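K.L.:
Need the 3D shape of this:
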Amino acid sequence: MRFRDKGKIDMQLAIAIFGLSVFGLLMLYSASAELSRVATNNPENSTYYLFLQLISYVIGIIAWIIIQQIDYRRYQKYGVAWMLITVILLVSVFLLSKGETKGAHRWVSIAGQTFQPSEFAKLSFILFLASWFSQKREEMHSWKGFSWFVIIISAIGALMLAQKDLGSLGVMMIVALAMYICGGAKLTQISAVIGSLIGMVVLAIKIAPYRLQRLTTFINAENSPTGAGYHAVQAKIAIGLGGLWGKGFLKGVQKRGFLPEGHTDSIFAIIVEELGFFRTSALILVYGFIGVRGIRIAKFAPDMFGSLLAIGITVWFVGQALINIGSMTSLIPMTGVPLPFVSYGRSAMVALFMATGVILNISRYIEKE
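P.N.:
Predicted structure coming up:
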């Protein structure tokens, strides 16, 4: 193997992510046109949500370009700072919250602008874990290191549960577990972490019993088609209406007041309805391709920090996509996470593009056979 200095970014990954985000803008327009008219009380305004997303899109692209030029190794020495930033972001919703939205504290409002701190906390948490695992690799193999890891993820989990954001919590825990495994954790430690996560799920259900209802609804949503199972049933209807080739772009009907969160968490169901099974399969393949390129970058990264950082970001992108698609197809219980680079979400779009800049910078330094 030979180490090469600063080179070109992984253009295949960059094109895949950029193309996916452009596709997301097109599908967002389709999914949000009617909602835009309602939100603005203007039958001529069908681009309200698209315009807001475009603003975040431009900000995100600028952040992507800037971060892509910064040597990722500079982030390693700020491990404690990344953890502090993560905690501050997650605590800010209780200090600067604009109030509960749909029963959850997930957004803060500053100078009239609203954003979701947990989206940025995903990136800062990954940076912290990569820095910690790479600098304390030997310690992580000990039970002392394991204990600290459990304490940290439990603290993050408690903050996320207090926000009632179980979807983002699931993404962050999956990312943390993947990075811990790739960092060289022992099998007994991995088993113990999985046990801790199961305990966290049990605690989440005890704190908020409605989550148990979601689980039972997931098993048989048809028993409550107008109640707790409404969302799942409407998603299934949208997917069923799509068939093999779909009803056509802009021609979906479930987005017209039937399917909740059609432009955010449920946009995958709208995509299947309009594009059909075959064309939507191409979308899933794109996420798979992103996963393959991300793993390649992690495999050939010149150091442990870069490898773990690439793994964390890749699992975030692909894992969150799988969770979203799984919930829309009733393979897992309904969760409130957006489809990466596709769903409406201004904070999510900027955070995802920032993470893209990081992983593409790592690709500039990978080793080649």
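K.L.:
Now name the helix or strand holding the spatially closest residue to A121 that is not a sequence neighbour.
P.N.:
Nearest residue to A121 in three dimensions, chain neighbours excluded: L89, at 4.3 Å (Cβ to Cβ, 6 or more residues apart in numbering). Any C-beta I mention is one placed from the backbone N, CA and C, and that applies to glycine too. According to DSSP states H and E, L89 maps onto helix 79-95.
K.L.:
which residue is nearest the middle of the chain?
P.N.:
Centroid-nearest residue in the chain: Q320, 4.3 Å away (criterion: Cα atoms, centre = their mean).
K.L.:
State the distance from that one to L339.
P.N.:
Distance of Q320 to L339, computed by Cβ to Cβ, to the nearest Å: 8 Å.
K.L.:
Measure how buried I152 is and give me the count.
P.N.:
Using other Cβ atoms under 10 Å, I152 has 18 neighbouring residues.
K.L.:
ok, now I9?
P.N.:
By other Cβ under 10 Å, 17 other residues sit near I9.
K.L.:
So what touches the helix holding L89?
P.N.:
Residues from elsewhere that reach helix 79-95 (Cβ atoms under 8 Å, 6 or more residues apart in numbering): 75, 105-108, 117-118, 120-121, 124-125, 127-128, 131-132, 135, 152, 155-156, 159-160, 162-163.
K.L.:
residue boundaries of the helices in the stretch 251-369 of the chain?
P.N.:
Per DSSP state H, counting those that start in this stretch, the stretch 251-369 of the chain has helices spanning 267-300, 304-328, 346-363. These are given in chain order.
K.L.:
In CSV: those helices, plus distance to M11.
P.N.:
Compiled in CSV, the helices of the stretch 251-369 of the chain are given as follows (distance: least, Cβ to Cβ, whole Å):
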stretch, distance to M11
helix 267-300, 10
helix 304-328, 16
helix 346-363, 9
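K.L.:
neighbouring contacts of the helix or strand containing S109?
P.N.:
Taking DSSP H and E as the criterion, S109 maps to strand 108-110. Contacts with strand 108-110, where a contact means Cβ under 8 Å, 6+ apart, come from 92-93, 95-98, 114-117.
K.L.:
Now tabulate the residues you listed in a markdown table and tack on pLDDT.
P.N.:
Shown next, in a markdown table, are those (pLDDT from 0 to 100):
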| residue | pLDDT |
| --- | --- |
| S92 | 90 |
| V93 | 88 |
| L95 | 83 |
| L96 | 77 |
| S97 | 69 |
| K98 | 61 |
| T114 | 81 |
| F115 | 85 |
| Q116 | 91 |
| P117 | 92 |
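K.L.:
What's the ChimeraX line that selects buried ones from the contacts of helix 79-95?
P.N.:
A single ChimeraX command selects the buried members of those (16 or more other Cβ atoms under 10 Å):
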select :75,105,106,107,108,117,118,120,121,124,125,127,128,131,132,152,156,159,160,163
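K.L.:
That's all I had, so thanks and see you.
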